[in-house]
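[1] Return atomic coordinates for the entry below.
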Amino acid sequence: MTEPVHVLVVDDEPRVRTMLRRYLVEEGFKVSDAADGQAMRAVLDRDVVHLVLLDLAMPGEDGLSLARQIRQRLDVPIIILTGKGDLIDRVVGLEAGADDYITKPFELREVLARIRTVLRRAGPRAATTATAASASEVFSFDGWRLDLRRRELQRATGEVVSLTAGEFDLLNAFVRHPNRVLSRDQLMDLVKGREWSAYDRAIDTQVMRLRRKLEPDASSPTLIKTVRGGGYVFAVPVKAG
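    Predicted coordinates:
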């Protein structure tokens, strides 16, 4: 018997949690819910979760903080739920590691469709990531060392440089495809395998932030170069292993 997909709903509104739990259970999912970060962490420690529906605006620990916590420990898909419709909030949510974004109020059928789409994309992505990681967990370039298992970026001195989930995923894509021009669409597919057509500028923002951490002079980059009309190229030799 196939194990049902386990969805964790994290929202401080009891009505929303109940509505989503009842609907998704009827659709064949296993559903847990949590009203805050503490309850969320308890579920993640106890059970295997396949996808998280996460409210952005919650008292105390907000959704962005919780999304970052999830990304530090798991590679499960995250769909953010929020009443905010501003583009900046959507981009920030994606940069925090979310795979999709749904604005409240929402139709339950839309939530179901988004869940199925994100899970479909995450399946091949997860398999590819696992296969690639088994071949090599560490990449070195220009004095830097990227450890995929630990999700750490180190300078030649051994100092660890903090990366957001989005920055890590983007750098991971670059080191796997050095000296190759990658369009924004290709980078979007490599980073999360999701449709980012409405958030093209998110890639540019991530590149800008990554340059600030990697480049001696971010205004004159030598590692991540812009190709006019083409996208970006990671213009440095990369050694795997």
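[2] Show the contacting residues for the residue nearest the centre of the chain.
    Using C-alpha atoms, centre = their mean, the residue of the chain that lies closest to the mean C-alpha position is residue 97, 3.0 Å off. The contact partners of residue 97, by C-beta atoms under 8 Å, 6 or more residues apart in numbering, come to 67, 68, 70, 71, 78, 164, 165, 166. The C-beta positions use only the backbone N, C-alpha and C, and glycine is treated the same way.
[3] For it, which non-adjacent residue is spatially closest?
    In this structure, residue 97 finds its nearest non-sequential neighbour in residue 165, 3.4 Å apart by C-beta to C-beta, 6 or more residues apart in numbering.
[4] I'd say that neighbour and residue 68 touch.
    Yes: counting by C-beta atoms under 8 Å, residue 165 does reach residue 68; the two are 6.6 Å apart.
[5] okay, and the common contacts of the two?
    Residues within reach of residue 165 and of residue 68 at once, by C-beta under 8 Å, 6+ apart, are 96, 97.
[6] Between these two, point out the one with more neighbours.
    residue 165 (22 against 14; other C-beta atoms under 10 Å).
[7] For this protein, give me the ranges with low pLDDT.
    Where the chain drops to pLDDT under 70, the residues are 1-3, 84-93, 123-136, 189, 192-201.
[8] ok, and residue 157, which helix or strand is that part of?
    Using DSSP states H and E, residue 157 is not contained in any helix or strand.
[9] Tell me where the chain has strands.
    Counting by DSSP state E, the chain has strands at residues 6-10, 30-34, 51-55, 78-82, 100-103, 138-141, 144-147, 152-154, 160-161, 181-182, 224-227, 231-234, 239-240.
[10] tell me the contacts of the nearest residue in space to residue 14 that is not next to it in sequence?
    With sequence-adjacent residues excluded and distances taken as C-beta to C-beta, 6+ apart, residue 14 is closest to residue 35, at 7.4 Å. Contacts for residue 35 (C-beta under 8 Å, 6+ apart) come out as 10, 11, 12, 14, 17.
[11] of all these, which comes closest to residue 184?
    Minimum distance to residue 184 across the contacts of residue 35 is 30.5 Å, recorded for residue 10 (C-beta to C-beta).
[12] Run through the residues that contact that closest one.
    With contact taken as C-beta under 8 Å, 6+ apart, residue 10 is in contact with 33-37, 39-40, 52-55, 58, 63, 66.
[13] Which of those sits closest to residue 206?
    Using C-beta to C-beta, residue 63 is the member of the contacts of residue 10 that sits closest to residue 206, with 19.4 Å.
[14] burial count for that closest one?
    By the criterion of other C-beta under 10 Å, residue 63 has 24 neighbours.
[15] Spit out the contact partners of it.
    By C-beta under 8 Å, 6+ apart, the contact list for residue 63 reads 10, 54, 55, 56, 57, 80, 82, 93.
[16] domain parsing for this structure?
    Using automatic domain parsing, the domain parsing of the chain gives 6-131, 136-240.
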